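K.L.:
here's a sequence, model it:
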Amino acid sequence: MLKVSSHYTSIVIKMLLVTTLCFSSISFAQQSETATPPKPIEHSVATTSEAGSEQKALQPTPNSTINDDTIASDVTSTHDLTPWGMYKNADIIVKIVMIGLLLASLATWTIFIAKLTELTLAKKRLRKEMASLNGAKTLKQACSISDQFAKNSLTNILINDIQEELDLSANTTSQEGIKERAAFRQDRLVAASGRQMNTGTSVLATIGSVSPFIGLFGTVWGIMNSFIGIAETQTTNLAVVAPGIAEALLATAMGLVAAIPAVIIYNIFVRAINSYRVLVSDISAKALLLLSRDLDRENYTSSTSSHTAESK
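P.N.:
Predicted coordinates for the structure are as follows:
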């Protein structure tokens, strides 16, 4: 019995040793597997180094940066960004547009000064002549007063025109016909005076409506040239692009400078000419009123004399 038990004891000890060796080998294998991951770290280091080299390759070299800065500084130094400098450096088409807009602005202010002086003097003269006619009781008195005015005075022309129609209709018996013909001639004279005073204002309307589009054309042309310059220099540096765009926008600015005063001055003259026409119409109405009184007075005198003759 003792031998059998000792035999089983040795077998159990051997099994325990085998089990211990198995567990130790498994734990060693697990430790070796957990210890192997440092290899990917080397790979990641390699990939980061490769990525860094790629980024360095993608980044512009100092020479290219220096070249762009050099080009920008050269372009900036050769461009004068004052209005006169931008005009000198502009394209020939843009220069023509700028000169045209400058002439349009000059024409606007010339018309403004000339027409303002003409309107002011004409309205002042008409008011003075109208005040003188207020004392006339008959058409003949009005004619004698108007003879004291200048020969080209509009008041003198209106009064003498009615007197001329009255002389031409001396052998007619229809007083209403005389009034209608005189009123027709007065209307024609008033309209003619308005057209004469309106001369030059259509130029202002044209300048005010066309100048912005002409300036826009110059801007479009200048920007096209700027894009062509960008393509030739192969750089998008703002210092290279800005001068050409500034020259192009100068054309639009000049178009607005020419158009805005023209529109304002045109509206001022429209109101001033309307008030001038009112003054001319008042003088014409005064002359027609004197004609109507003379005709009615003549009719009354003739009817009174006829009644007196019949009573006798």
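K.L.:
buried ones in stretch 255-270?
P.N.:
Neighbour-count burial for stretch 255-270 flags G255, V257, A258, A259, P261, A262, V263, I265, Y266, I268, F269 (criterion: 16 or more other C-beta atoms under 10 Å). The C-beta positions use only the backbone N, C-alpha and C, and glycine is treated the same way.
K.L.:
let's have those residues in JSON lines, adding distance to W109 and secondary structure.
P.N.:
Output for those, formatted as JSON lines (distance: C-beta to C-beta, whole Å; DSSP: H, G, I helix; E, B strand; the rest coil):
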{"residue": "G255", "distance to W109": "16", "secondary structure": "helix"}
{"residue": "V257", "distance to W109": "11", "secondary structure": "helix"}
{"residue": "A258", "distance to W109": "10", "secondary structure": "helix"}
{"residue": "A259", "distance to W109": "13", "secondary structure": "helix"}
{"residue": "P261", "distance to W109": "7", "secondary structure": "helix"}
{"residue": "A262", "distance to W109": "9", "secondary structure": "helix"}
{"residue": "V263", "distance to W109": "14", "secondary structure": "helix"}
{"residue": "I265", "distance to W109": "8", "secondary structure": "helix"}
{"residue": "Y266", "distance to W109": "13", "secondary structure": "helix"}
{"residue": "I268", "distance to W109": "13", "secondary structure": "helix"}
{"residue": "F269", "distance to W109": "13", "secondary structure": "helix"}
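K.L.:
could those residues go into CSV alongside distance to V241 and pLDDT?
P.N.:
Compiled in CSV, the buried residues of stretch 255-270 are given as follows (distance: C-beta to C-beta, whole Å; pLDDT from 0 to 100):
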residue, distance to V241, pLDDT
G255, 22, 93
V257, 25, 93
A258, 27, 94
A259, 27, 95
P261, 32, 95
A262, 32, 96
V263, 33, 96
I265, 37, 96
Y266, 38, 96
I268, 41, 95
F269, 43, 95
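K.L.:
nearest to G222, of those residues?
P.N.:
Closest approach to G222 among those (C-beta to C-beta): G255, at 12.4 Å.
K.L.:
how close does that closest one sit to V210?
P.N.:
Remark: distance between G255 and V210 (C-beta to C-beta, to the nearest Å) = 9 Å.
K.L.:
then A114?
P.N.:
In terms of C-beta to C-beta, A114 sits 21 Å off from V210.
K.L.:
between those two, who's got more neighbours?
P.N.:
More neighbours surround V210 than the other of A114 and V210, with 17 against 11 (other C-beta atoms under 10 Å).
K.L.:
tell me the pLDDT of the more buried one.
P.N.:
We have a pLDDT of 94 for V210.
K.L.:
does anything pack onto whichever helix or strand it is part of? Which helices or strands?
P.N.:
Secondary structure from DSSP states H and E places V210 in helix 201-233. If contacts are counted by 3 or more C-beta pairs under 8 Å, 6 or more residues apart in numbering; DSSP states H and E, helix 201-233 sits against helix 92-133, helix 238-311.
K.L.:
show me where pLDDT drops low in the stretch 201-312 of the chain?
P.N.:
Applying pLDDT under 70 to the stretch 201-312 of the chain flags residues 236, 238-240, 300-312.
K.L.:
hmm, 80 instead?
P.N.:
226, 229-230, 232-244, 246-247, 298-312 (pLDDT under 80).
K.L.:
try the stretch 51-200 of the chain
P.N.:
For the stretch 51-200 of the chain, applying pLDDT under 80 flags the ranges 51-91, 170-173.
K.L.:
can you list contacts of stretch 117-124?
P.N.:
L154, M197, F269, A272, I273, S275, Y276, L279 (C-beta atoms under 8 Å, 6 or more residues apart in numbering).
K.L.:
what sits against the second one?
P.N.:
Pointing back at M197 there. E118, L119, A122, I273, Y276, R277.
K.L.:
likewise the first one?
P.N.:
Residues in contact with L154 (C-beta under 8 Å, 6+ apart) are A122, L126, L189, S193, V280, I283.
K.L.:
just send those residues back as JSON lines, with neighbour count and distance to I228 too.
P.N.:
Output for the contacts of L154, formatted as JSON lines (neighbours: other C-beta atoms under 10 Å; distance: C-beta to C-beta, whole Å):
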{"residue": "A122", "neighbour count": "20", "distance to I228": "54"}
{"residue": "L126", "neighbour count": "20", "distance to I228": "60"}
{"residue": "L189", "neighbour count": "18", "distance to I228": "60"}
{"residue": "S193", "neighbour count": "23", "distance to I228": "55"}
{"residue": "V280", "neighbour count": "24", "distance to I228": "58"}
{"residue": "I283", "neighbour count": "24", "distance to I228": "64"}
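K.L.:
now the helix or strand hosting L166: buried residues?
P.N.:
L166 belongs to helix 154-168 when assigned by DSSP H and E. Buried residues in helix 154-168, counted by 16+ other C-beta under 10 Å: L154, T155, N156, I157, L158, I159, N160, D161, I162, Q163, E165, L166.
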